[in-house]
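S.K.: any chance you could fold what I've pasted below:
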Amino acid sequence: MDFPELVRLVTEGDAGEAEAWTRRALQDGAEPGEILERGLIAAMDGVGRLYSAGEIYVPEMLVAARAMKTCLAVLQPLLAQGDHSSRGKVVIGTVKGDIHDIGKNIVGIMLEGSGFEVVDLGVDVSPQAFAEAVVEHRPDIVGLSALLTTTMPVMRTVISALEEFGVRETVKVMVGGAPLTDEYAREIGADAYASDAALASERARELVSAV
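M.R.: Residues are numbered from 1 along each chain as shown. A predicted model of the protein is given here:
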């Protein structure tokens, strides 16, 4: 199987050809998990590196992500039937009082492209809702997003809610958003900070591998 070709198609955002390649590969006997790992995840890892290096920007990342999700839609029913396991589960959301979701959505796409199962709670999510989601979904990571300086303190409240629900020790907390810093993340007790979607994917992998 010419997996570099699939990587190229996804990276260039050619959703139609990437989907066709995926269907042909399955017909030829390729394993869904192998297509995911050597094709889609490899492509999005590369896209993340290009973005971090400033060689591509958000529009190119979104086009590549669309191609990845097109292929992933073909693979998901087959992956569910097989024994392929995800890298982990992540619950993400924009905190209470903040309705910005573009950054959060890109992070979710990058995490899916890296092999994570993503539960997106949406925007304006209360601390209690985050805690309840952790109880329900038992994720490895909770990702908190805030774009407004006025909503940054809610992240600390979310962490307090996780403690009150008795689940803080079961999950890693990753935070991100334009006004945040690594120092602020440490100050509120988060486990990791990511300044962009590519770094969020990298940090998530580090967090689950450290468990």
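S.K.: just the CA atoms of the longest strand seen in the chain, as CSV, please.
M.R.: For the chain, the strand reaching the highest residue count under DSSP state E is reported as strand 88-94. Backbone C-alpha positions of strand 88-94 (Å, rounded to 0.1, in the frame of the first residue of the first chain) are rendered in CSV as follows:
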residue,chain,number,x,y,z
GLY,A,88,-7.2,7.8,24.6
LYS,A,89,-10.4,9.8,25.2
VAL,A,90,-10.5,13.6,25.5
VAL,A,91,-13.4,15.7,26.7
ILE,A,92,-13.1,19.3,25.4
GLY,A,93,-15.2,22.4,25.7
THR,A,94,-15.1,26.2,25.9
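S.K.: surely Y51 forms part of a helix?
M.R.: Yes - residue assignment for Y51, taken from DSSP: H, G, I helix; E, B strand; the rest coil, places it within a helix.
S.K.: I figured it hits L62, correct?
M.R.: No - using CB atoms under 8 Å, Y51 is not in contact with L62; the gap is 10.6 Å. The C-beta positions use only the backbone N, C-alpha and C, and glycine is treated the same way.
S.K.: neighbours of the closest residue to Y184 other than its chain neighbours, how many?
M.R.: The spatially closest residue to Y184, leaving aside those adjacent along the chain, is M152, at 7.0 Å (CB to CB, 6 or more residues apart in numbering). Other residues lying near M152 total 21 when counted by other CB atoms under 10 Å.
S.K.: need the contact list for M152.
M.R.: Counting by CB atoms under 8 Å, 6 or more residues apart in numbering, M152 touches 146, 177, 179-180, 184.
S.K.: among these, which are in helices?
M.R.: Of the contacts of M152, the ones assigned to helices by DSSP state H are Y184.
S.K.: now, of the contacts of M152, which are buried?
M.R.: Among the contacts of M152, those scoring as buried are 146, 177, 180, 184 (criterion: 16 or more other CB atoms under 10 Å).
S.K.: and the residue nearest to A30 when sequence neighbours are not counted, how far from T22?
M.R.: What sits nearest to A30 in space, not counting adjacent residues and going by CB to CB, 6+ apart, is M1, at 5.3 Å. M1 is 10 Å from T22, where distance means CB to CB, to the nearest Å.
S.K.: tally of neighbours for the closest residue in space to E5 that isn't next to it in sequence?
M.R.: When the adjacent residues along the chain are set aside, E5 lies closest to W21, with 6.5 Å between them (CB to CB, 6+ apart). For W21, the neighbour count with other CB under 10 Å is 23.
S.K.: W21: which element?
M.R.: helix 15-27 (DSSP states H and E).
S.K.: surely W21 and V7 touch.
M.R.: No - with contacts defined as CB under 8 Å, W21 does not count as touching V7, sitting 10.2 Å away.
S.K.: next one, pLDDT for S195 please.
M.R.: Confidence per residue is given as pLDDT, and for S195 that number is 89.
S.K.: can you map out the strands along the chain?
M.R.: Going by DSSP E, the chain shows strands at 88-94, 116-120, 141-145, 172-176, 192-194.
S.K.: no further queries at this time; thank you.
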